[in-house]
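**Q** sequence and predicted structure are below.
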Amino acid sequence: MSKQKSSIAEMPTLGQFIRNAMTDQQLSLNKLAEAAGVGVSTIANLLNQGTQHAHSGIHPLVLRKVAEVLDLDQILLFQVAGYLAAEDIAHPLSLEATYLAVCFDTLATAQQRLLLDMTHSLMASSGIPRRGVRIRELLTQAELLRQQHPLFRQYPFGIRREMGRIIGNLTHTTTREILMSGVTERIQGALQTDSPPRLISAYEIEQTLRSPDVAIVLNALLPRKEIPTSPEKLYWLVHDSQTAGRRLADLPQRYEPYREAIRDLWKLLESVAQDLPV
């Protein structure tokens, strides 16, 4: 079989595929784990997929998070992982991109590296940052926010709140609507002191939380793989045990540092979602 007709069976293992992406992005194991909000051991096991050193398979949610962080085609990644058969899907790439990929696979390794280096140079000259650089910037901003505001240095779960979170998820009573309602109330309460006061809708918040870069910031601030979604992470970040069940707008003046922390977090998430420099 010629290289132009290569099949999924001839593709690199899942571990090799991820390792190559990390190398291209100059991203370490620790940084990838931090950005994806999973443990270092989870990423290590991911990199061992396809070898005898793998402890277990990889959960699809982990694959999705890693794909978002590394800016990989999620369908292709699931295909490499064996969750999707090549003949069962229509590849979302353009015809030109698919043709380029076929040509790339016919080249020798040294020529492939030359083409990748040329692509990175074109991206740099066009002002398009490499993903690894962007990730490190996002993690740095998350750490600065944590240093500036004690709210984000505190563990948000006492035993009572932890049990409430677990039971709510098990019984499906902690719905997305409840999470978004709580998040919207907090953000609106934090922005009321802006001049002029800002009005922000739940729809705008939803759109912002769809950004993979926003997910990286939230993963860094609340690295809990048991809390996989951005709305749930943001909900717990802006609700501490002292203010639970109380409207942010109704809290007395002594809670202004708390409002300021949420305001700064939201402004960071907005700038990240709009792909602005951070």
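**A** Arrived safely. Numbering: from 1, shown residues only.

**Q** every contact and neighbour count from this point should use C-alpha atoms.
**A** Fine.

**Q** residues making contact with stretch 208-228?
**A** Residues from elsewhere that reach stretch 208-228, judged by Cα atoms under 8 Å, 6 or more residues apart in numbering: 34-39, 61, 68-69, 135, 138-139, 141-143, 146, 152, 230-231, 233-234, 237, 269-270, 272-273.

**Q** of these, buried ones?
**A** Buried by 16 or more other Cα atoms under 10 Å: 34-39, 68-69, 135, 138-139, 141-143, 146, 152, 230-231, 233-234, 237, 269-270, 272-273, out of these.

**Q** buried residues, the lowest-mean-pLDDT helix or strand in the chain. List them.
**A** Comparing every helix and strand of the chain by mean pLDDT, DSSP states H and E singles out helix 159-170 as the least confident one, with a mean of 74. Of all the residues in helix 159-170, those buried under the rule 16+ other Cα under 10 Å are Arg165.

**Q** show the subsequent helix or strand relative to it.
**A** Of the helices and strands lying after helix 159-170 in sequence (DSSP states H and E), the nearest is helix 176-191.

**Q** for that next one, which positions count as buried?
**A** So for helix 176-191, counting by 16+ other Cα under 10 Å, buried means 179-180, 182-191.

**Q** repeat that for stretch 189-203.
**A** For stretch 189-203, burial by neighbour count (16+ other Cα under 10 Å) applies to 189-192, 202.

**Q** same thing with stretch 50-61?
**A** Applying 16+ other Cα under 10 Å to stretch 50-61 flags Ile58 as buried.

**Q** give me the contacts around it.
**A** Counting by Cα under 8 Å, 6+ apart, 13-15, 45-46, 48-49, 78, 228 sit against stretch 50-61.

**Q** list buried residues within those residues.
**A** If we count by 16+ other Cα under 10 Å, these have these buried: 13-15, 45-46, 48-49, 78, 228.

**Q** between these, which is closest to Pro197?
**A** Pro197 lies nearest to Pro228 out of the buried ones among the contacts of stretch 50-61, by Cα to Cα, at 31.9 Å.

**Q** domain ranges for this protein?
**A** Listed domain ranges for the chain are 3-92, 133-273 (source: automatic domain parsing).

**Q** can you put the ones you listed in CSV and add distance to Leu114?
**A** Output for the domains of the chain, formatted as CSV (distance: least, Cα to Cα, whole Å):
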stretch, distance to Leu114
domain 3-92, 12
domain 133-273, 20
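
**Q** for Ser121, which of the ones you listed is the nearest?
**A** Nearest of the domains of the chain (Cα to Cα): domain 3-92, 12.6 Å.

**Q** how far away from the center of its chain is the helix or strand Asp264 falls within?
**A** Taking DSSP H and E as the definition, Asp264 sits inside helix 256-273. The chain centroid and the centroid of helix 256-273 are separated by 18 Å under Cα atoms, centre = their mean, to the nearest Å.

**Q** for stretch 215-235, same thing?
**A** Distance of stretch 215-235 from the chain centroid (Cα atoms, centre = their mean) equals 8 Å.

**Q** quick one on the thing from earlier: of the buried residues of stretch 189-203, which pair is most distant in space?
**A** Gln192 and Ala202 (15.2 Å).
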